[in-house]
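[1] What follows is a predicted structure for the sequence shown.
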Amino acid sequence: MTFRVDCHVKVLNDRVVERAKRAGLDAIVYAPHFTRLPEIRERAADYTDDELLVIPAREVFTGSWRQRRHVLAIGLEDPVPDYIPLETAMAEFDRQGAAVLVPHPTFANVSFEEADLKAHAETIDAVEIFNPKHFRLHNRRARTLAESLSLPPFTSSYAHLPRTVGVAHTAFEAAIEREEELVTAIRDGIARRVVYDNGLDQLTTMVSELAHLVYENTWKKVDRLFLSGTEPTHPTHIAYDGRFDDVSVY
């Protein structure tokens, strides 16, 4: 039995679901930016059907904008905000028994470096060794790091655009029907294959996704930081009941 999962997508609509099914996926992991877990869970449930499981997750932005570390957590019960120290986030993931995945390691200033991977190796369950947004050098470096630290691999489309969904996926050798079973498979290091195309199609995907990344980190960042008020995932937001007020980096 093989269970094919695109382990990290940022968008979810009818086009995304249709594309995922055409790609032969059994599930996608939906983790949009700056969106609270209850909303993610509700939207994931709305798009789940007998052919495709949509699994809710959070990519938490730890630290400040200048020293960000992104961490993907699957299986959270209690919401975890952005803009808290990496150590606080990792401790919270561990407390909740979530599957902890490291997306795009060593990429720009938003990712785990080698020292971070070593420091949190006991909590990390998998490292992304291929991201279609990256150059081959970055992907080779990620694979080398995962292998050197004996951390299990995964891949994803990291899709911010619907057309990117399914261009890479992780195929687990397990029968998985629910979110909890995927969390167990990841945490237990169940055998899996990373599946991707490293040819011309990947280059086209990289160009379009990087163009979108530039947009996200210019006007959208300015809007988020200065114009939109308190983010729903800010640690001082009322939704977190003051639990993270004393560790907020902003």
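    Sure, I can see it.

[2] Only the buried residues of the helix or strand harbouring V16, if you could.
    V16 belongs to helix 14-22 when assigned by DSSP states H and E. Neighbour-count burial for helix 14-22, counted by 16 or more other CB atoms under 10 Å, picks out V16, V17, R19, A20. Using the backbone N, CA and C atoms, a C-beta is placed for each residue, glycine as well.

[3] and what of stretch 165-177?
    Across stretch 165-177, burial judged by 16+ other CB under 10 Å covers V165, G166, V167, A168, H169, T170, A171, F172, A174, I176.

[4] which residues touch V16?
    By CB atoms under 8 Å, 6 or more residues apart in numbering, V16 lies in contact with V9, I28, Y47, A159, P162, V165.

[5] Tell me the first helix or strand C-terminal of the helix holding V16.
    strand 27-30.

[6] Next, work out how far apart F135 and E39 are.
    Using CB to CB, to the nearest Å, F135 is found at 34 Å from E39.

[7] Is N131 in contact with P103, as I believe?
    Yes. Under the criterion of CB atoms under 8 Å, N131 makes contact with P103 at 7.2 Å.

[8] what residues are shared contacts of the two?
    Listed as contacting both N131 and P103 by CB under 8 Å, 6+ apart are S156, Y158.

[9] For the protein, which segments count as helices?
    Taking DSSP state H as the criterion, the chain carries its helices at 14-22, 37-47, 86-96, 114-119, 136-148, 179-187, 200-216, 219-222.

[10] quick one: which of the ones you listed is nearest T236?
    For these, proximity to T236 was assessed by CB to CB; helix 86-96 is nearest, at 14.0 Å.

[11] outside of that closest one, which residues touch it?
    So helix 86-96 is in contact with 60, 62-63, 69, 71, 73, 75-78, 80, 100, 116, 120, 123, 244, 247, going by CB under 8 Å, 6+ apart.

[12] pLDDT of that helix, averaged?
    Averaging pLDDT along helix 86-96 gives 98.

[13] Figure out how far that helix is from the centre of its chain.
    On the basis of CA atoms, centre = their mean, to the nearest Å, helix 86-96 sits 16 Å off its chain's mean C-alpha point.

[14] Same question for stretch 168-188.
    Computed by CA atoms, centre = their mean, the chain-centroid distance of stretch 168-188 equals 15 Å.

[15] can you give me the end-to-end distance of it?
    End-to-end distance for stretch 168-188: 22 Å, by CA to CA, to the nearest Å.

[16] now H70: how far from E114?
    H70 sits 16 Å away from E114, going by CB to CB.

[17] got it, and T62?
    17 Å.

[18] So for those two, which sits in the more crowded spot?
    Shown here are T62 and E114; by other CB atoms under 10 Å, T62 has more neighbours (23 against 14).

[19] So for that one, what pLDDT did the model give?
    In this model, T62 carries a pLDDT of 97.

[20] Just grab the bridge partners of it for me.
    R69 (DSSP bridges).

[21] list the contacts for it?
    T62 touches R68, R69, H70, V71, D82, Y83, I84, P85, L86, T88, A89, counting by CB under 8 Å, 6+ apart.

[22] Now rank those residues by neighbours and give me the top one.
    A89 (27 neighbours).

[23] Setting the sequence-adjacent residues aside, check what's closest to that residue.
    T62 (4.8 Å; CB to CB, 6 or more residues apart in numbering).

[24] Under the pLDDT cut-off, which ranges of the protein? List them.
    198-230 (pLDDT under 70).

[25] Run a quick neighbour tally on R136.
    Using other CB under 10 Å: R136 sits among 12 other residues.

[26] still on that earlier bit, output the contacts of V16 as TSV; include the columns distance to F34.
    What follows is the contacts of V16, written out as TSV (distance: CB to CB, whole Å):
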residue	distance to F34
V9	15
I28	19
Y47	19
A159	17
P162	19
V165	20
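
[27] which of these lies closest to R141?
    Nearest to R141, judged by CB to CB, of the contacts of V16 is A159 at 21.9 Å.
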